[in-house]
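1. here's my sequence, what's the structure:
(2 chains)
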Amino acid sequence: DQQVKQNSPSLSVQEGRISILNCDYTNSMFDYFLWYKKYPAEGPTFLISISSIKDKNEDGRFTVFLNKSAKHLSLHIVPSQPGDSAVYFCAASAGANSKLTFGKGITLSVRP
Amino acid sequence: DSGVTQTPKHLITATGQRVTLRCSPRSGDLSVYWYQQSLDQGLQFLIQYYNGEERAKGNILERFSAQQFPDLHSELNLSSLELGDSALYFCASSVVDGPYGYTFGSGTRLTVV
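-> Coordinates of the predicted model:
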């Protein structure tokens, strides 16, 4: 039962353009959402998060949007840079529970 | 360097064997989490310890066990290994007992042959 879904396994964008990474969830108890970035041979690195009381959170080039009614969130990267090429994981948690439920990840390739 | 140290980085062992994976959290972090990433899968939560006590348990097999020691390092013990246990095992740590962006180590790649 995949409660966090990243349906597209990969995405390729041109440097300088916008990257939009999508994530859907099924568990209505999820109230905190995170994005992690992972380079090969490294562990995931926390990127940005959003609480369910907000619908947008921005940090530099990274913005996460949350649509609770659609149980959908997205990560926007503007402008995309070659160094952004990595696997991006969407994750969610419910209440004070420390456990994170991760999606399978999406591989982003930014072409120079 | 994230500050979370996992050893060994790679491990190859035979079916039926037992291995121990070690994790040293970032200085000051009290929570340690273990995750498993199998091929083409997201990270699956295994278990969490907070200041030496088990705090939460996920889909951890009975053949697997973990503990957190007084110096806060943690060990994940995997026994009676099967081919399907081959995976990346990540440890993460955080200061608080909460889901707020914990820091991951670089993982231990376990290959069972």
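2. enumerate the residues of chain A near chain B.
-> A:4, A:6, A:32, A:34, A:36, A:41-46, A:49, A:89, A:91, A:93, A:96-105 (C-beta under 8 Å from any C-beta of the partner chain). Any C-beta I mention is one placed from the backbone N, CA and C, and that applies to glycine too.
3. point out the residues in chain B that sit beside chain A.
-> Residues of chain B lying near chain A by C-beta under 8 Å from any C-beta: B:2, B:4, B:31, B:33, B:35, B:40-45, B:48, B:55-56, B:58, B:90, B:92, B:94, B:97-107.
4. now the buried members of those residues.
-> The neighbour count (16 or more other C-beta atoms under 10 Å in any protein chain shown) marks B:2, B:4, B:31, B:33, B:35, B:42-45, B:48, B:55-56, B:58, B:90, B:92, B:94, B:97-99, B:101-107 as buried among the residues of chain B next to chain A.
5. only alpha carbons, please: show stretch A:19-33 as PDB.
-> Output of stretch A:19-33 as PDB, limited to C-alpha atoms (Å, rounded to 0.1, in the frame of the first residue of the first chain):
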ATOM      1  CA  SER A  19      11.400  21.800 -12.700                       C
ATOM      2  CA  ILE A  20       8.100  20.600 -11.200                       C
ATOM      3  CA  LEU A  21       8.200  17.500  -9.200                       C
ATOM      4  CA  ASN A  22       4.800  16.000  -8.200                       C
ATOM      5  CA  CYS A  23       3.800  13.900  -5.200                       C
ATOM      6  CA  ASP A  24       0.400  12.400  -4.200                       C
ATOM      7  CA  TYR A  25      -0.700  10.900  -0.900                       C
ATOM      8  CA  THR A  26      -3.600   8.800   0.200                       C
ATOM      9  CA  ASN A  27      -3.500   9.100   4.000                       C
ATOM     10  CA  SER A  28      -5.600  12.000   5.200                       C
ATOM     11  CA  MET A  29      -3.900  11.900   8.500                       C
ATOM     12  CA  PHE A  30      -0.600  13.200   7.000                       C
ATOM     13  CA  ASP A  31      -0.100  16.700   8.200                       C
ATOM     14  CA  TYR A  32       3.600  17.400   7.500                       C
ATOM     15  CA  PHE A  33       5.400  17.000   4.200                       C
END
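6. now it: buried residues?
-> Buried residues in stretch A:19-33 (16+ other C-beta under 10 Å): A:19, A:20, A:21, A:22, A:23, A:24, A:25, A:30, A:31, A:32, A:33.
7. let me have those residues in CSV, extended by pLDDT.
-> Shown next, in CSV, are the buried residues of stretch A:19-33 (pLDDT from 0 to 100):
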residue, pLDDT
A:19, 98
A:20, 98
A:21, 98
A:22, 97
A:23, 97
A:24, 97
A:25, 97
A:30, 94
A:31, 92
A:32, 93
A:33, 95
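8. return the subset of those residues lying in strands.
-> A:19, A:20, A:21, A:22, A:23, A:24, A:25, A:30, A:31, A:32, A:33 (DSSP state E).
9. the last one is in contact with residue A:53, isn't it?
-> No: using C-beta atoms under 8 Å, residue A:33 and residue A:53 do not qualify as a contacting pair, with a distance of 11.6 Å.
10. residues of stretch A:57-65 that come out buried?
-> A:62, A:63, A:64, A:65.
11. any idea of the pLDDT on the second one?
-> In the prediction, the pLDDT value recorded for residue A:63 is 98.
12. is it correct that it falls within a strand?
-> Yes: counting by DSSP: H, G, I helix; E, B strand; the rest coil, residue A:63 is located in a strand.
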